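Asks: please find the sequence and the predicted model below.
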Amino acid sequence: MSAEELAEETASPLDQDIVVITGMSGAGRSEAIHTFEDLGYFCIDNLPPALMRQLVKLTSVPGSRVRRLAVVCDVRGLTFFDKLLAELDKLQRTGHPFRLLFLEADDLTLVNRFKETRRRHPLAEQAGGLAEAIATERESLRPVRERADTIIDTSDLAPQQLRATIRERFTPEGRQGPLVVTVSSFGFKYGLPIDADIVMDVRFLPNPYYEPELRDRTGEEEPVREFVLGREETQQFLAVWFELLSVLMPGYSAEGKTHLAIVMGCTGGMHRSVVLADETAGYLRDQGYQVSVAHRDMGKDRVRR
């Protein structure tokens, strides 16, 4: 054993989440890798197994921001693929735990998928036909399947269902999923944000603008917050609004949406919408979502006067 290999063998475990995706051609590997991308993984498709340890080493150097890694290794690599199990053994010995996800489907489903997409099976030429290629691949993958931590049969799964299954099994505990939320305030007088998914008009609430001591303050300042949040109608609105979000957010996640833009509008985007955007963001963070906040028009009225 070389000095470099010895050093790798004695390396300390890394704080990295590594998923290796493999399985039958046509079973949904492309859909799987796209789902892992949405989950925040650094993803590489069709990686030769011999390069796996080098990739892990590269992404684990001090200062690296890659802590979640997903790679697809499959028979498209032809002769390289034979080394997969040996490379996984080496990866495990060097202190890098991983999860092996195996995707499969029955023969009829795979045949139909290849016919529908008009794609060529990677083993079709050497096997002599599609059915023979599927049989050859299934036999060659048998040892890999036996090693898998998770096996998903996609025969009866639509792409959306496969994505949901992967999210359910691989989303870290304590997180709601890959859905990233942006909550923004804006002023209707300056136009509706073009990227909005949900628009909430809060102009029905009393306007701090008509209070001289609050006019030049913003919704980020405590006197304005107290004015807006101290109203009974505001508290009634927030109770109903949060209840509505508790229904909407899981639904968006289940549909596979990865980014949601919620915009809260008042007249100038300086007072009411700012306060309620901040309150909405706080509620969603408490529910486990990744949330960022922006106040598009907060200073515009003050600058114009």
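Replies: Nice, thanks for sending it over.
Asks: so where's the stretch 201-305 of the chain shaky on pLDDT?
Replies: Across the stretch 201-305 of the chain, the ranges flagged by pLDDT under 70 are 302-305.
Asks: try 90
Replies: For the stretch 201-305 of the chain, the stretches flagged by pLDDT under 90 are 250-259, 287-290, 299-305.
Asks: and the strands in it?
Replies: Using DSSP state E, counting those that start in this stretch, the strands of the stretch 201-305 of the chain run over 259-266, 290-295.
Asks: buried set for the last one?
Replies: Of all the residues in strand 290-295, those buried under the rule 16 or more other CB atoms under 10 Å are Q290, V291, V293, H295. (C-beta placed from N, C-alpha, C; glycine too.)
Asks: turn those into JSON lines, including distance to L58.
Replies: Shown next, in JSON lines, are the buried residues of strand 290-295 (distance: CB to CB, whole Å):
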{"residue": "Q290", "distance to L58": "26"}
{"residue": "V291", "distance to L58": "31"}
{"residue": "V293", "distance to L58": "35"}
{"residue": "H295", "distance to L58": "39"}
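Asks: nearest to F186, of the residues you listed?
Replies: Set against F186, the nearest of the buried residues of strand 290-295 by CB to CB is H295 (8.2 Å).
Asks: tell me the contacts of the nearest residue to the closest one once chain neighbours are set aside?
Replies: The shortest distance from H295 to any non-neighbouring residue, by CB to CB, 6 or more residues apart in numbering, is to S185 (4.7 Å). By CB atoms under 8 Å, 6 or more residues apart in numbering, the residues touching S185 are 219, 263-266, 269, 273-274, 276-277, 294-298.
Asks: out of these, which comes closest to V71?
Replies: Closest to V71, out of all of the contacts of S185 and judged by CB to CB, is A294, at 34.5 Å.
Asks: shaky segments in the stretch 1-150 of the chain?
Replies: If you take pLDDT under 90 as the line, the stretch 1-150 of the chain has these spans: 1-18, 30, 35-42, 44-69, 73-98, 114-131, 133, 136-137, 139-141, 143-144.
Asks: in it, what residue spans correspond to helices?
Replies: Ranges of helices within the stretch 1-150 of the chain are 3-9, 29-38, 52-59, 84-93, 107-117, 124-127, 130-140, 142-147, based on DSSP state H, counting those that start in this stretch.
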